[in-house]
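Enquirer: 3D model of this:
(one chain, ligands or ions: 1)
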Amino acid sequence: MTSLPINHTVLERFLRYVVIDTQSDPASPTCPSTEKQKDLGRLLARELQELGLKDAHLDEHGYVYATIPATTDKKKVPVICFCSHMDTSPDCTGENVRPQVVRNYQGGDIVLPKDRTQIIRAAEHPALADQIGNDIVTTDGTTLLGADNKAGVAEIMDAAKFLVDNAQIRHGTIKILFTPDEEIGRGVDKADLRKLGADFGYTIDGESAGHLEDETFSADGATIHIEGVSTHPGFAKGKMEHAIKIASRIIDALPKDTCSPETTEGREGFVHPTGISGTLESATIQLIMRDFTEQGLKQKAALLEDTIKEVIKDYPRSTYRLTIKEQYRNMKEVVDRHPEIVENAMEAIRRAGLKPIRSSIRGGTDGSRLSFMGLPCPNIFAGEHAFHSRLEWVSVQDMQAAVRTIVHLAMIFEERA
Ligand SMILES: [Zn+2]
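Expert: Prediction:
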């Protein structure tokens, strides 16, 4: 472990950022989906300006961009970008966040002060066992914390401050990108990658310290539209084909012991209904399909279509239409073309004093889409836990480890260029 003389500002920053409500809203058509996300964006742009990053700015869509200029003479150092999202989940309120710091945690449950029914139980949060002696930030029990992803924002800001203050540290050009609306799946809709001008990126939005995720689900959405046969119920014998009943039979015919979120883990994928609506005449089922491989996704689509065909056999005059829409793809395919992205990150985590662990995410990140837009972008830990809930927590020491990882990563790219 190479020690870095970092005078950390990550906790103060984190406490400053989480009290700003930045909840995104899936029902809003605008970008950013909520204007209040710009409150944090403006603050970050100003703080980056104050650090001396002259191009730091918040754009009209709610994205913050900044550049830390290179300190090396080497010409071939890749430009790398560190990225976090500013919004918090619509699943849990982010208004009036009141963080508390539990200093020198000694094990056991953490009861949240304002709502004592909210308890972070050691038994349910095994990651707490790694935090003995650390300082843990939680909420007062009435809101989420927003460590997802303001821990990442604060870590990138702290690392930027250290790099700016220590020009003797050699690194290439570093880009900073803070995005809105990640939690509603629109985090990169208006990201201007040409303006960003980075070769590789890293989202700082992972869970446990030491983790690097270079693989996500591949995801498709499916819609099944069913046209039944409507007749007057008093004269329907042998004629009526009820669209709602056909739709329910399709859902019921999906596998029960496998292939669903509640029966799978690890590298298994699933087919998962997310919505159903209908009348006698027609019905619609919305589903999502997830798998780590393209072939696995194809099998899920085939399974779905076979299921529909089997059910609809009993309804000879009814019809169905199955539409499948790509949502995002496993970033691994793109990231693997540049092995140094993962190798350098693993080395940076090691130099930060942690054991690097490479894993996959049963979900997507901003990085899944960025990778396919031309910016290969795995995910590095930010230390956030129990996100999207009132029990959310993060430790100060994990945030500091993420800051060290970011700084080392910048140095390693220069060193190896
Ligand atoms: Zn996140």
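
Enquirer: so what's Glu340 closest to, chain neighbours aside?
Expert: Using Cβ to Cβ, 6 or more residues apart in numbering and skipping the chain neighbours, the partner closest in space to Glu340 is Arg416 (7.1 Å). (Each C-beta comes from the backbone N, C-alpha and C, glycine too.)

Enquirer: Likewise for Met411?
Expert: His171 (5.8 Å).

Enquirer: so who does that neighbour touch?
Expert: His171 makes contact with Ile68, Ala70, Thr71, Thr72, Val77, Leu163, Ala410, Met411, Phe413, Glu414, according to Cβ atoms under 8 Å, 6 or more residues apart in numbering.

Enquirer: Then Ile250?
Expert: Contacts of Ile250 by Cβ under 8 Å, 6+ apart are Ile224, Ile226, Ile285, Thr307, Ile308, Val311.

Enquirer: C-terminal to the helix or strand containing it, what's the next element?
Expert: Taking DSSP states H and E as the definition, one finds Ile250 inside helix 243-253. The helix or strand immediately downstream of helix 243-253 is strand 270-278, counting by DSSP H and E.

Enquirer: distance between that next one and the chain's centre?
Expert: Distance of strand 270-278 from its chain centroid, counting by Cα atoms, centre = their mean, to the nearest Å, is 22 Å.

Enquirer: Pull out the buried residues from that strand.
Expert: Phe270, Val271, His272, Pro273, Ile276, Gly278 (16 or more other Cβ atoms under 10 Å).

Enquirer: State whether the third one and Thr264 are indeed in contact, as I suppose.
Expert: No. Between His272 and Thr264 there is no contact under Cβ atoms under 8 Å: 9.8 Å.

Enquirer: In a strand, Leu212, correct?
Expert: Yes. Counting by DSSP: H, G, I helix; E, B strand; the rest coil, Leu212 falls inside a strand.

Enquirer: Enumerate the residues of the protein near the ion.
Expert: Proximity of the chain to the ion is confined to Asp148, Asn149, Asp205 under the rule Cβ under 5 Å from the ion.

Enquirer: if I pick the last one, what's in contact with it?
Expert: Contacts for Asp205 (Cβ under 8 Å, 6+ apart) come out as Ser84, His85, Asp148, Asn149, Gly152, Glu182, Thr365, Asp366, Asn379, Ile380, Ala382, Glu384.

Enquirer: Equivalent analysis for the first one, please.
Expert: Asp148 makes contact with Thr88, Ser89, Asp205, Ala382, Glu384, Phe387, His388, Glu392, according to Cβ under 8 Å, 6+ apart.

Enquirer: which one among the contacts of Asp205 gets closest to Asn344?
Expert: Lowest distance from Asn344 to these (Cβ to Cβ) belongs to Ile380, with 11.0 Å.

Enquirer: For the closest residue to the ion within the stretch 301-417 of the chain, which non-adjacent residue is closest in space?
Expert: Closest residue of the stretch 301-417 of the chain to the ion, Cβ to the ion: Phe387 (6.7 Å). In space, and not counting its chain neighbours, Phe387 is closest to Asp148: 3.6 Å by Cβ to Cβ, 6+ apart.

Enquirer: Check for me that the one you found belongs to a helix.
Expert: Yes. Asp148: assigned to a helix according to three-state DSSP.

Enquirer: now it: how far from Leu4?
Expert: 26 Å (Cβ to Cβ, to the nearest Å).

Enquirer: from memory His388 sits against Gly94, does it?
Expert: No. The criterion here is Cβ under 8 Å, and His388 misses it with Gly94 at 10.3 Å.

Enquirer: about what we covered before: now do the helix holding Ile250 and strand 270-278, the angle between them.
Expert: Interaxial angle, helix 243-253 versus strand 270-278 (axes from the mean of the first three to the mean of the last three Cα atoms, to 10 degrees): 170 degrees.

Enquirer: What ranges does the chain have for its helices?
Expert: Counting by DSSP state H, the chain has these helices, from start to end: 10-18, 37-51, 147-165, 193-196, 243-253, 294-312, 332-335, 339-351, 366-372, 396-415.

Enquirer: and the residue of the stretch 301-417 of the chain closest to the ion, how far is that from Cys92?
Expert: From Phe387 to Cys92 the distance is 9 Å (Cβ to Cβ).

Enquirer: And the pLDDT for the spatially closest residue to Gln400 that is not a sequence neighbour?
Expert: Among residues not flanking Gln400 along the chain, His8 sits closest, at 5.4 Å (Cβ to Cβ, 6+ apart). Note on His8: pLDDT of 95.

Enquirer: ok, back up a step: number of residues surrounding the residue nearest to Glu340?
Expert: Here the number of neighbours of Arg416 (other Cβ atoms under 10 Å) works out to 12.

Enquirer: and the gap between it and Met331?
Expert: From Arg416 over to Met331 (counting by Cβ to Cβ), the distance is 22 Å.

Enquirer: swap in Ala302?
Expert: Applying Cβ to Cβ to Ala302 and Met331 gives a distance of 24 Å.

Enquirer: about what we covered before: from what I see, the residue nearest to Glu340 and Pro339 are in contact.
Expert: No. If you go by Cβ under 8 Å, Arg416 and Pro339 don't touch, sitting 11.8 Å apart.
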